[in-house]
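Student: No letters, just coordinates:
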């Protein structure tokens, strides 16, 4: 009976924390990050890693719980790559022209402030051949090349940031989660 109660508590902690985005230590996400949290001392991280090693970290990763979420830089980079893949031809045309709706949307995904959009458009037009050096340049290479050029451009280096892109991706994800949670309740009352 005690084992079932403990398992229930652990499951509750894991499921209840799916929205948590707390920093955790070297042990990574998983039940250990919930139980031992932000305490980044060697002892606490060893305990967290040991707890994660029980298989609970794998469960957290596959279920998206226990601080194991797909937010952050990875999510932002996936959105950027997916956008470039789906809109590759239109994005190339906008870059060559120095502006357009696809490049505007792409600049938002790159975390560019509104004031940085015009300089970004100009840069992509001027550096078009560096960004797309050959016919075989892939959408992912386009994204990497644009980011590389942003880092070399003083007017853009601080105005287009991964942090802003991550914040936008996480806000979008949180909004989607709230809508997804609200939808079944709303549809049940109709």
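Tutor: Sure, I can see it. Computed from a predicted model, the values in this text were never measured in an experiment.

Student: Just give the number of residues close to residue 136.
Tutor: Neighbour count for residue 136, taken as other CB atoms under 10 Å: 7. Glycine gets a C-beta too; all of them are placed from N, C-alpha and C.

Student: Repeat that for residue 163.
Tutor: Neighbours of residue 163 using other CB under 10 Å come to 10.

Student: just checking, it touches residue 112?
Tutor: No. Counting by CB atoms under 8 Å, residue 163 stays clear of residue 112, with 12.0 Å between them.

Student: how about the host helix or strand of residue 76: buried residues?
Tutor: Assigned by DSSP states H and E, residue 76 belongs to helix 72-86. For helix 72-86, the neighbour count (16 or more other CB atoms under 10 Å) marks 72, 75, 76, 77, 79, 80, 81, 83, 84 as buried.

Student: and if you look at stretch 138-147?
Tutor: For stretch 138-147, burial by neighbour count (16+ other CB under 10 Å) applies to 139, 142, 143, 144, 145, 146, 147.

Student: Ok, stretch 152-169 next?
Tutor: Using 16+ other CB under 10 Å as the test for burial, stretch 152-169 gives 153, 156, 159, 160, 161, 164, 165, 166, 168, 169.

Student: And residue 94, how far from residue 106?
Tutor: Distance of residue 94 to residue 106, given as CB to CB, to the nearest Å: 8 Å.

Student: The two: who's more crowded?
Tutor: The residue with more neighbours, out of residue 94 and residue 106, is residue 106; 25 against 21, by other CB under 10 Å.

Student: How about the contacts made by the more buried one?
Tutor: Contacts for residue 106 (CB atoms under 8 Å, 6 or more residues apart in numbering) come out as 80, 83, 84, 87, 91, 94, 146.

Student: same thing with residue 50?
Tutor: residue 32.

Student: I'd assumed it was in a helix, is it?
Tutor: Yes. Checked against DSSP: H, G, I helix; E, B strand; the rest coil, residue 50 lies within a helix.

Student: gap between it and residue 95?
Tutor: Plainly put, residue 50 is 50 Å away from residue 95 if you go by CB to CB.

Student: still on that earlier bit, let me know the closest of the buried residues of stretch 152-169 to residue 116.
Tutor: Of all the buried residues of stretch 152-169, residue 116 sits closest to residue 159, with 3.4 Å by CB to CB.
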